[in-house]
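In: have a look at this fold, sequence not included:
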């Protein structure tokens, strides 16, 4: 084998084992920056959502969902669409002593930037007939990027408390 062939074989082998080229690294960096931008947008909407809960604005909360969005609350039928979601939120917020907060623990944005999910925990309290009622649990919201605006398409939550036997 000639020196030229040995050098060419070495170069090809080196390319096969290098993993990422500088262009791949730049592309990954750009993807990470876009994902971070989307994550920041979702965190901003979630902060707005918490303010709307404090203000008991069910109509504005319903607008955070996609037109075909769904709220899947425990112990209730699925609420699909703006009107049903608004009604479900209004019903929850009319509970005496209603207070709800949530905290995002993870956001994952799809590489295409069109879907995302956020996972977290919530704390709920109200006034029951026998005194204060509190509950903690977890949730998942699936988001869709619709014309550059993030909208909730599925919102599901459930309690950490043990369910009654029966």
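Out: Structure received. In this text the structure is predicted, and so the values were computed from the model without any measurement. Numbering: from 1, shown residues only.

In: for the rest of this, base every contact and every neighbour count on C-alpha atoms.
Out: Will do.

In: ignoring the adjacent residues along the chain, who's closest to residue 132?
Out: Leaving aside its sequence neighbours, residue 132 sits nearest to residue 126 (CA to CA, 6 or more residues apart in numbering; 5.9 Å).

In: next SSE downstream of the helix or strand harbouring the one you found?
Out: Element membership of residue 126 [criterion: DSSP states H and E] is strand 115-128. For strand 115-128, the following helix or strand on the C-terminal side (DSSP H and E) is strand 131-146.

In: quick one, that following strand and strand 115-128 angle?
Out: Using axes from the mean of the first three to the mean of the last three CA atoms, to 10 degrees, the inter-axis angle of strand 131-146 relative to strand 115-128 is 160 degrees.

In: returning to that earlier point: so who does the residue nearest to residue 132 touch?
Out: 95, 96, 97, 98, 99, 132, 133, 134 (CA atoms under 8 Å, 6 or more residues apart in numbering).

In: drop anything exposed from the residues you listed.
Out: 98, 99 (16 or more other CA atoms under 10 Å).

In: tabulate the contacts of residue 126 (CSV), appending pLDDT and distance to residue 81.
Out: As requested, the contacts of residue 126 are arranged in CSV below (pLDDT from 0 to 100; distance: CA to CA, whole Å):
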residue, pLDDT, distance to residue 81
95, 95, 22
96, 96, 26
97, 96, 27
98, 97, 23
99, 97, 24
132, 95, 32
133, 93, 29
134, 96, 28
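
In: need the contacts of residue 126 in a markdown table with distance to residue 65, can you?
Out: Output for these, formatted as a markdown table (distance: CA to CA, whole Å):
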| residue | distance to residue 65 |
| --- | --- |
| 95 | 22 |
| 96 | 25 |
| 97 | 25 |
| 98 | 21 |
| 99 | 21 |
| 132 | 30 |
| 133 | 28 |
| 134 | 26 |
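
In: out of the contacts of residue 126, which is nearest to residue 54?
Out: residue 99 (7.5 Å; CA to CA).

In: nearest residue to the closest one in space, please, no chain neighbours.
Out: Using CA to CA, 6+ apart, the nearest residue to residue 99 is residue 125, at 5.2 Å.

In: how about residue 114, nearest residue that isn't a chain neighbour?
Out: residue 145 (4.8 Å).

In: sorry, wrong one. I was asking about residue 69.
Out: Closest to residue 69 by CA to CA, 6+ apart is residue 153, at 4.0 Å.

In: angle of the strand or helix carrying that neighbour against strand 131-146?
Out: In this structure, residue 153 sits in strand 149-159 according to DSSP H and E. Interaxial angle, strand 149-159 versus strand 131-146 (the same axes, to 10 degrees): 150 degrees.
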